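>>> got a predicted structure here, sequence first:
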Amino acid sequence: MADPFLYGTGERSPYGCLGHEVQIEHINAYVCRPSFFTDKAVIVIHDIFGWLFPDIRYIVDLIAGHGYITICPDFFKGTDPWKTTDHWADFADWMKDHDPMKVDKEADVVLKYLKEQCGAKKIGVVGFSWGGMAVHHLMLKNPQLTAGVSLYGIIRDSEERYNLLNPTFFIFGEKDHTISYNQVSCCIGNSSSFPIVLSTHTEILAC
């Protein structure tokens, strides 16, 4: 079982993964299973650094160690993730080709795999930063996901952003310069169809 950690980008670059890679239709994915049978699964949606990033695979192994079939698909579908050597001035253009709200097809492929190949009956989703935005989107659109957790990801420019289909836990940093506390408070205040649970911290968590 993977041990808890204090987040630091790239600190686990030599991390030895506990799971394995699979091909699911048109996408690749990293999968880790617990040592016993379970019908519960978690989809992990990576951040801008992609599905090969050692830290996100560590998260997959950590969740699997708590008794869930855990999978991290390549939601970038083979395209280049953001790299630490890239320039932030180019980020907006990069995002145009990596839209976190265009993940429905891949999510359906993974859900089918988990149900038919892994015997999963209850499936949740957790995402970090870019992946958190994808989680927010999927929890608005896909009733097959019984619960969602978004860390540092929120859809801010959609009138439907409050119409969550199932319980969704949003975690933000109170001093986050990208997603301000006021935006989070606004999101809570306007949510009527389903309660949003918020945890605010003064320091950045794993993104």
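Perfect, I can see it now. Numbers count the residues shown, from 1 in each chain.
>>> before we move on, what SS does the residue nearest to Val31 when sequence neighbours are not counted have?
What sits nearest to Val31 in space, not counting adjacent residues and going by C-beta to C-beta, 6 or more residues apart in numbering, is Ile71, at 4.8 Å. C-beta here means a position set from N, CA and C on the backbone, and glycine is covered the same way. Classification of Ile71 using DSSP: H, G, I helix; E, B strand; the rest coil returns strand.
>>> and the most centrally placed residue in the chain, its phi and psi?
Central residue check for the chain by C-alpha atoms, centre = their mean: the C-alpha nearest the mean position is that of Gly127, 1.6 Å away. Backbone torsions of Gly127, given as degrees, to the nearest 10, read phi -140, psi 150.
>>> now the longest helix along the chain - C-alpha only, CSV.
Assignment by DSSP state H gives helix 104-118 as the longest helix of the chain. Extracted in CSV, the C-alpha atoms of helix 104-118 (Å, rounded to 0.1, in the frame of the first residue of the first chain):
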residue,chain,number,x,y,z
ASP,A,104,-17.7,12.4,-21.9
LYS,A,105,-16.7,9.9,-24.6
GLU,A,106,-13.7,8.7,-22.6
ALA,A,107,-15.7,8.6,-19.4
ASP,A,108,-18.3,6.4,-21.0
VAL,A,109,-15.6,4.0,-22.3
VAL,A,110,-14.0,3.7,-18.9
LEU,A,111,-17.4,3.2,-17.1
LYS,A,112,-18.2,0.4,-19.6
TYR,A,113,-14.8,-1.2,-18.9
LEU,A,114,-15.2,-1.0,-15.1
LYS,A,115,-18.7,-2.5,-15.2
GLU,A,116,-18.1,-5.2,-17.8
GLN,A,117,-14.5,-6.2,-17.1
CYS,A,118,-14.1,-5.4,-13.4
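>>> and it with strand 69-73, angle?
Using axes from the mean of the first three to the mean of the last three C-alpha atoms, to 10 degrees, the inter-axis angle of helix 104-118 relative to strand 69-73 is 150 degrees.
>>> returning to what we had before: surely the residue nearest to the centre of the chain meets Val135?
Yes - under the criterion of C-beta atoms under 8 Å, Gly127 makes contact with Val135 at 3.9 Å.
>>> so what's in contact with those two at the same time?
Both Gly127 and Val135 are contacted by Ile45, Gly148, Val149, Ser150, Gly153, under the criterion C-beta atoms under 8 Å, 6 or more residues apart in numbering.
>>> so who does the third one touch?
With contacts defined as C-beta under 8 Å, 6+ apart, Val149 is in contact with Gly124, Val125, Val126, Gly127, Val135, Thr168, Phe169, Phe170, Ile171.
>>> and those residues as TSV, adding distance to Gly16?
Formatted as TSV, those follow (distance: C-beta to C-beta, whole Å):
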residue	distance to Gly16
Gly124	26
Val125	26
Val126	22
Gly127	24
Val135	27
Thr168	33
Phe169	30
Phe170	32
Ile171	28
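>>> nearest to Phe49 among those residues?
Closest approach between the contacts of Val149 and Phe49, by C-beta to C-beta: Gly127, at 12.8 Å.
>>> residues contacting that closest one?
Gly127 touches Val44, Ile45, His46, Asp47, Met133, Ala134, Val135, Gly148, Val149, Ser150, Leu151, Gly153, counting by C-beta under 8 Å, 6+ apart.
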